[in-house]
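1. here is my input; please provide its structure:
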Amino acid sequence: MSKLVRFGVSLEQELLTKFDRLIKARNYTNRSEAIRDLIREELVEREWQTSGEIAGAITIVYDHHCRDLGNKLTDIQHDFLNIIISTQHLHLDHHNCLEILAIKGSAKKAQKLANILQSVKGVKHATLSMTGTGKI
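-> Just a heads-up that it's a prediction; the model follows:
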C-alpha cells in the first residue's frame with residue numbers, strides 16, 4: 001500500500017458547505033475519500049486527453065427491423081476488434097435491441113467507434129462511458 005500523506009486545504013465556508021452536501025449525497029464517509037476520488041477522476045480524464053488507455057462501454061439501442069442494420073453494426077464492430085473485448089445483445093421488446101460493447105484501448109479510438117455506431121441509420125441512442133484501467 002502507498003504511504004499516506006496528510007496535507008491541508010483552505011476553502012471558503014460556502015464552498016466547503018456545498019462540498020459537505022455533495023459528500024453526504026454520495027454517501028462518502030469522509031472528505032478525504034471524496035477528495036481522492038475527485039483527484040483520480042481528473043487524472044483519468046487527463047489520461048484520456050493524452051491518448052492514454054481507457055476501459056469502458058458503448059451502449060446502443062436500435063430497431064432490429066431496420067433493413068440490414070444488424071449486419072452493418074457487426075461489420076463496424078469487426079473494424080474495431082482491437083478495442084472491443086466483449087459484446088452483449090439483449091432484446092428489449094419486439095422492435096428494440098440493446099447492445100453493450102465492452103472496450104479497452106485508446107480514448108480516441110473509443111470515441112471514433114461510438115460516433116460511427118451512433119450515426120448509423122436505425123440506431124436510436126448510443127452512449128460511451130469511459131473510465132481508467134485501474135492504473136491510476
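2. what mean pLDDT does the longest helix along the chain have?
-> Ranked by number of residues, the top helix in the chain under DSSP state H is helix 31-49. For helix 31-49, mean pLDDT rounds to 83.
3. who does it touch, helix- and strand-wise?
-> If you count contacts as 3 or more Cβ pairs under 8 Å, 6 or more residues apart in numbering; DSSP states H and E, helix 31-49 packs onto helix 13-25, strand 53-63, helix 107-119. For glycine as for every other residue, the C-beta is placed from the backbone atoms N, C-alpha and C.
4. lowest confidence element among the helices and strands of the protein?
-> Among the helices and strands of the chain, helix 31-49 carries the lowest confidence by mean pLDDT, DSSP states H and E, at a mean of 83.
5. could I get that helix in CSV with only the CA atoms?
-> These are the backbone C-alpha positions of helix 31-49, laid out as CSV (Å, rounded to 0.1, in the frame of the first residue of the first chain):
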residue,chain,number,x,y,z
ARG,A,31,-13.8,14.3,3.0
SER,A,32,-10.6,12.5,2.2
GLU,A,33,-12.3,9.8,0.3
ALA,A,34,-14.2,12.4,-1.8
ILE,A,35,-11.1,14.4,-2.5
ARG,A,36,-9.2,11.3,-3.5
ASP,A,37,-12.0,10.4,-6.0
LEU,A,38,-12.1,13.9,-7.4
ILE,A,39,-8.3,13.8,-8.0
ARG,A,40,-8.5,10.3,-9.6
GLU,A,41,-11.3,11.5,-11.8
GLU,A,42,-9.3,14.4,-13.1
LEU,A,43,-6.2,12.3,-13.6
VAL,A,44,-8.2,9.7,-15.6
GLU,A,45,-9.7,12.4,-17.7
ARG,A,46,-6.3,13.9,-18.4
GLU,A,47,-5.1,10.4,-19.4
TRP,A,48,-8.0,10.2,-21.9
GLN,A,49,-6.9,13.5,-23.4
